[in-house]
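Student: next one to model:
(chains A and B)
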Amino acid sequence: MLGTPYGGLPGRLPQEPLRSASRFPPADSAHGALDGREVIRRPQQDLRPPNARRHGNHIEQFHRVVHEHRIFPLARQCGDPTPDISGKRLHFPKRRQFGLPIAGEPRQRFFIQLHVRWYNRHANAVSVPARHQRLKHALRRQPDLASHRLGIQRRRIHLVLSQLVPNAKCIQQSHCVGLHAVQRSVPNQDKIRVDTTMTTRRQILKTALAPIVARSVVLGQRAGAVAPSDKIVFGGIGIGARGEHDLSKLLNFSQARFVAVCDVRNERREAVKSMVDQKYGNHDCQMYDDHYALLARPDIDAVLIATGDRWHTPLAILAAQHGKDVYCEKPCSMSIEESRALADAFRRYNRIYQAGCQRRNGANFQLCKDLLKSGALGKLQTLYANVGPSVNWPPLPSRDWLAAEALPPRELLDWDRWLGPAPWRPYNSEYVRGGWRNYYDFHGGGILEWGSHTVDLCQWAAELDDTQPVEYQPVGANTGPYQVLCKYANGVNLVMRDDGWDGSLKTGSCSFRIEGDQGWVETGDATRIECSPNIKPLLRPTESASLALVNHVEDLLRSIKTRQLPRASAAAAANSHIVCHAAFIAFQRGKKLTWDPGKREFTNDDIANRMRSRALREPWRV
Amino acid sequence: MQQKTQPAPAPPPEFQEGGIATMDAAALIRILTDAGSPEFQKAKACQRIGELGAKEAVPALASLLGNEHLSAYARYGLEPIADPTADEALRAALPKLKGNLLIGVINSIGKRRDAQAEPALAKMIYGADPYVARAAAAALGNIGGVSAIEDLQAALAKTQGMTRMAVADAGLLCAERLLAEGERDRALALYASLSAAGMPGPARLAAMSGIIREETSISRPR
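Tutor: Next up, the predicted model:
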C-alpha cells in the first residue's frame, strides 16, 4: 500500500490514507463507541462450528475482499447474496450472482458479473510445486493464448479478469478466492457470473483458468521475497537524462527488472546498459536500435518511454498494441488528436499507462487536494497553474530551422528515427543535445512543457480529470509575462501564468495554487505549503516533494499487478493535455476560444479546429 | 524536469519563418509553385496552408507528395482541408508512390476517412510490402463502415504476423465505431471474431474486454 506520507488531518478533514482503504472494519477490533464514550467489548465466544472456525480466516478474508473490491449484490437480480458470517453458522447461497461495479473510466460504471468460486476447503491441501505443476498442465491445454504468454515465462500467469477489466481489483490471493471471470467461450456467454458454491482447486484449474491468466501470486508467494517470475520486466525506449532519472528510481524496486534498452543514439544505449548492468551486477541488459524488436519480446511486460515529445504517443500506442504497459514521460502528446488516440488505445487494449506527471503522487500536492476536498477552502473558485518563466520556454516555440550540419554515421545516430513522426529538417547536433525544445515541430512551448504538470495537478486536485475548460483567453506577450485564462463549465476558473514560478511565496517550480471562497493553498517542488491564515492549523509536515517520483513508480508497479488505474492514467493525462493544447492554440491564435469538451472541438474558430491535429511524418501514425 | 541553461544557437536567415506566418493563401501558393523557392519556405508554406484550410492550394500541395523531404509537410497542408479535392489528390497519389511516401499518403487517407479509397486500400493489404499492408489495414479501420469491415474480416483469415496484428487492431477500431453508432449486434459479432483462437494475443484480449464492457454495461439492452 502507498500508505499515508503525511500525518493525517484533524477536524473536518478525512482521515483516510491517500488511497481509498478497505471499508471493512478491522476483524479484531475490541473497541467500540457508545454515545461518544469509549467502551471495551469483551471478546465474544466463537460459536461457529469447527469447520467454520478452522476456515474462519478465509471466510473473513473473503468477506473483506467482497467489501474491498466492492462486490455488491445486484439486488434486482439476486437479492442479498452476501455471505452471513455474523451468526453461528455459515451460509453461502448457491449460485448467487454478484455485481462488481468497476470505476475504470471516470464516472463510468461497469457491472461485471463474475463466477467466483470459493475454495477454501482445500486451500492448503496441495503443495506449491504440485499446484504449479497442475497449473502448467492446465495452461498447456490452451495452446493459443496461453503459450503466447507462457512459452517463455510459464510461471507468469495473469488473472484473466485483471487483463480484461479496466481497474478491476482482482482477487489474487490463492488462499482466498479462485476467480476467473472469463471462460473459454466468452463470446458465446450471455453473461459471466459469480457464484459462491464450494469447489476444489482441481476444478478451478480445470475450468477456470481457461483463456489464461494470473500472476504467480496465485501460485503462492513467500512473504518478503519477490520471485523472479513475479517481477515486472521492463524495457526502455529513448532513455536520456530525464529517462535515466526515472530509471534510477525504477531500478531500486525489487519487483521490477529492467532487461533491454532501445535508442537511436549509440551513446545512450551504452550508457543505459552500463547503468543497468552495474546495478544488477551482470551483462544482461540488451541493446536495440529498433523499437519494434524490443516490443516484440514476449518477456517484457512494460516499457519506460522517455524519448522526445514527438515520439511519446506513437510509441505508447505501439506498446499497447503489443500488450505492454507503459510509463511515459510528459508531455504525452503533440496535439489534441494524439491525446484522444492515446486514451482510446489504452482503454481499448486494457493496458496500464502512467504518465510522467509524478506530482500526483507527491504528499504536499496530495495534502492540498485533501484540503480542497475536505471543504476547508470552501467552494472552489480558481485554480492557478504555473507554466514557468517565458524566458525558458515561451508559449510560442520557434518555427525556424537550425543550420544544416554533416550527418553522423547511422551507427552513432539514426537521424531519421530521431526525427520520427516530426516533419523532416536538416540535421543539427544542437537538437540532439536537448535543444529540440522550443521548436514547434518538436515541442509545445512553455504551456505544454510545464502545463502538462501543473494543469494536470489542477485537474486532478479539483477532480476534473474527465473534462476540460470551455473558454481560453490568452493575455500578454510571447516574451512574458503572459497568462491563459480558462473557465470550466461549472464556473471554476483555471489560470495558467508564467509569473508565479518560484515567486514571492517560494513554493518552488511546478507550483499550483487552489483558491476557494474560504481560503487558499499553494505548493510546489519546494515541498513547503503556503496558505491563508485560517488553513495553517490544518497543515501537517509532509514528505519531500522529491519523493513524488518514487511514489509514482510504485503506483505504476502496483497498478500493473492489480490492474487498477494508476493516478496519471491515459485518460486523465489525455484530458489535462487537451487543456494545454487548447490553451496553446488559443495563444497562437491570439484570441479567446470557446471549446466543447463533449465534441472536442472549438466552437468559434475554424483555424483553431484545424490546429487540433498534426500530420505525422511517414511511416508513423497514431 | 529540465531547465534550459544556455541560449540556443540562432537560426540562419534562410531558415527563419519571417513573414510566411502571416501570408495569405495566394502568396503561399506562389511559394509552392515557384520552382526556385527554397525547401524551407515550401515547408512553412505547407504548414500555414494547413491552418488556413485553403482548398485552392490542393494541386500545389499534391505536387509535393512525392518529395522525400516535403511529403509530410504537404500532407500537413492537405489533411485539414475540408474539401473533396484533397481526398481526390491523395487517392490519385496512391498508384504513383511506394515505400514510406505511399504509407504517408495512406495514413492521411485513413485520417480523413475517405470511403472511396476502400477498394484500393483493401488490395494493398495483400501487397508485397508488409509495411504498406499494415498502413492500409489501419486506414480501413479508421474509415470503418460495412465494406471496410468485410475487407478486414476477410484479411484476418488471409494474413499473418504483424500484418494480421494491424488488421485485428483495425477491426477493434471498427467495432468501437459500430458501438458508437448503435450497431450493437454487429459490433459484438466483430468482437467475437476477433476474440477467436489464433488471433494475436493483445487484440484477442482487447476484443474479450470489449465484449465484457458491452455485455455488462448498465446501458445494455435487457
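
Student: report the distance from the longest helix along chain B to the chain centre.
Tutor: For chain B, the helix reaching the highest residue count under DSSP state H is reported as helix B:161-180. Taking C-alpha atoms, centre = their mean, to the nearest Å, one finds the center of helix B:161-180 at 14 Å from the center of the full chain.

Student: let's verify the residue of chain B found nearest chain A: helix, strand, or coil?
Tutor: In chain B, no residue comes nearer to chain A than B:Gly104, which is 3.0 Å away by C-beta to the nearest C-beta. Using the backbone N, CA and C atoms, a C-beta is placed for each residue, glycine as well. State at B:Gly104, reduced to three classes by DSSP: H, G, I helix; E, B strand; the rest coil: helix.

Student: ok, it - contacts?
Tutor: For B:Gly104, the residues meeting the contact criterion (C-beta atoms under 8 Å, 6 or more residues apart in numbering or on different chains) are A:Arg617, A:Glu618, A:Pro619, B:Leu65, B:Ser71, B:Ala72, B:Arg75.

Student: for those residues, work out which two are farthest apart.
Tutor: In those, the most distant members under the criterion C-beta to C-beta are A:Pro619 and B:Leu65, with 14.2 Å between them.

Student: now the residue of chain B closest to chain A. Nearest residue, chain neighbours left out?
Tutor: With C-beta to C-beta, 6 or more residues apart in numbering or on different chains as the measure, A:Glu618 is the residue that lies nearest to B:Gly104, at 3.0 Å, once sequence neighbours are left out.

Student: that neighbour should be in a strand, yeah?
Tutor: No: following the definition three-state DSSP, A:Glu618 is coil and is not counted among the residues of a strand.

Student: any weak-confidence spans in chain B?
Tutor: B:1-7, B:219-222 (pLDDT under 70).

Student: let me know the secondary structure of the spatially most central residue of it.
Tutor: Centre of chain B computed as the mean C-alpha position; nearest residue by C-alpha atoms, centre = their mean is B:Asn107, 2.6 Å away. Classification of B:Asn107 by three-state DSSP places it in helix.

Student: test my guess that it contacts A:Leu616.
Tutor: Yes: in this structure, B:Asn107 is within contact of A:Leu616 by C-beta atoms under 8 Å, at 6.9 Å.

Student: let me know how buried the closest residue to A:Ala545 other than its chain neighbours is, in neighbour terms.
Tutor: What sits nearest to A:Ala545 in space, not counting adjacent residues and going by C-beta to C-beta, 6+ apart, is A:Thr527, at 4.4 Å. A:Thr527: 20 surrounding residues under other C-beta atoms under 10 Å in any protein chain shown.

Student: what about the helices in chain B?
Tutor: Taking DSSP H as the criterion, chain B carries its helices at B:25-33, B:39-52, B:58-62, B:71-78, B:84-93, B:99-112, B:118-124, B:130-143, B:146-158, B:161-180, B:184-194, B:201-215.

Student: can you lay out those helices as a markdown table showing distance to A:Ala306?
Tutor: Formatted as a markdown table, those follow (distance: least, C-beta to C-beta, whole Å):
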| stretch | distance to A:Ala306 |
| --- | --- |
| helix B:25-33 | 37 |
| helix B:39-52 | 27 |
| helix B:58-62 | 35 |
| helix B:71-78 | 24 |
| helix B:84-93 | 34 |
| helix B:99-112 | 25 |
| helix B:118-124 | 35 |
| helix B:130-143 | 26 |
| helix B:146-158 | 34 |
| helix B:161-180 | 25 |
| helix B:184-194 | 32 |
| helix B:201-215 | 23 |
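
Student: looking at A:Pro619 and B:Leu65, which one has more neighbours?
Tutor: For A:Pro619 versus B:Leu65, the count of surrounding residues by other C-beta under 10 Å is larger for B:Leu65: 24 against 18.

Student: stretch B:133-147 close to chain A?
Tutor: Yes: figure legend: stretch B:133-147 in contact with chain A (C-beta under 8 Å from any C-beta of the partner chain); contacting residues B:Ala135, B:Ala138.

Student: residue boundaries of the strands in the stretch 201-350 of chain A?
Tutor: Listed in chain order, the strands of the stretch 201-350 of chain A (DSSP state E, counting those that start in this stretch) span A:232-237, A:256-262, A:286-288, A:302-305, A:325-328.

Student: ok, whichever residue of chain A sits closest to chain B - contacts?
Tutor: Shortest chain A-to-chain B distance, computed as C-beta to the nearest C-beta: residue-wise this is A:Glu618, at 3.0 Å. Applying C-beta under 8 Å, 6+ apart, one finds that A:Glu618 lies in contact with B:Ser71, B:Ala72, B:Asn100, B:Leu101, B:Ile103, B:Gly104, B:Asn107.

Student: swap in 10 Å and give it another go.
Tutor: Listed by C-beta atoms under 10 Å, 6 or more residues apart in numbering or on different chains, the contact set of A:Glu618 reads A:421, A:424, B:68, B:71-72, B:75, B:97, B:99-108, B:131, B:135.

Student: buried ones among the residues you listed?
Tutor: Applying a neighbour-count criterion of 16 or more other C-beta atoms under 10 Å in any protein chain shown, the buried members of these are A:421, A:424, B:71-72, B:75, B:97, B:100-108, B:131, B:135.

Student: circling back: could I get the contacts of B:Gly104 as CSV with distance to A:His291?
Tutor: Converted to CSV, the contacts of B:Gly104 look like this (distance: C-beta to C-beta, whole Å):
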residue, distance to A:His291
A:Arg617, 16
A:Glu618, 16
A:Pro619, 13
B:Leu65, 27
B:Ser71, 22
B:Ala72, 20
B:Arg75, 23
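
Student: the residue nearest to B:Arg204 when sequence neighbours are not counted: neighbouring residues, count only.
Tutor: Of all residues not flanking B:Arg204 in the chain, B:Ser195 sits nearest, at 5.3 Å (C-beta to C-beta, 6+ apart). Counted by other C-beta under 10 Å, the residues lying close to B:Ser195 total 24.

Student: what number of residues lie near the nearest residue to B:Asn67 once chain neighbours are set aside?
Tutor: Distances taken as C-beta to C-beta, 6+ apart put B:Ala74 closest to B:Asn67, at 7.2 Å, once the chain neighbours are dropped. Burial of B:Ala74, expressed as a neighbour count using other C-beta under 10 Å, amounts to 32.

Student: dump the residue contacts of B:Ala74.
Tutor: A:615, B:32, B:42-43, B:46, B:49-50, B:57-58, B:60-67, B:89-90, B:93, B:104-105, B:108.

Student: buried subset of those residues?
Tutor: Neighbour-count burial (16+ other C-beta under 10 Å) applied to these gives A:615, B:32, B:42-43, B:46, B:49-50, B:57-58, B:60-62, B:64-67, B:89-90, B:93, B:104-105, B:108.

Student: helices of the stretch 151-300 of chain A, start to end?
Tutor: With DSSP state H, counting those that start in this stretch as the criterion, the stretch 151-300 of chain A has helices at A:160-164, A:201-203, A:241-250, A:266-280, A:291-295.

Student: ok, now which ones touch the closest residue to B:Leu121 other than its chain neighbours?
Tutor: With C-beta to C-beta, 6+ apart as the measure, B:Ala136 is the residue that lies nearest to B:Leu121, at 4.4 Å, once sequence neighbours are left out. For B:Ala136, the contacting residues are B:94, B:102-103, B:106-107, B:109-110, B:117-118, B:120-127, B:129, B:151, B:155, B:163, B:166-167, B:170, by C-beta under 10 Å, 6+ apart.

Student: same question for B:Thr159.
Tutor: Residues in contact with B:Thr159 (C-beta under 10 Å, 6+ apart) are B:Ile125, B:Tyr126, B:Pro130, B:Ala133, B:Arg134, B:Ala137, B:Leu152, B:Met165, B:Ala166, B:Val167, B:Ala168.

Student: can you pull the pLDDT of the residue nearest to B:Gly104?
Tutor: For A:Glu618, the pLDDT comes out at 95.

Student: again with A:Val226
Tutor: Per-residue confidence (pLDDT) for A:Val226: 72.

Student: go on, the one 5 residues further on?
Tutor: We note a pLDDT of 91 for A:Lys231 in this prediction.
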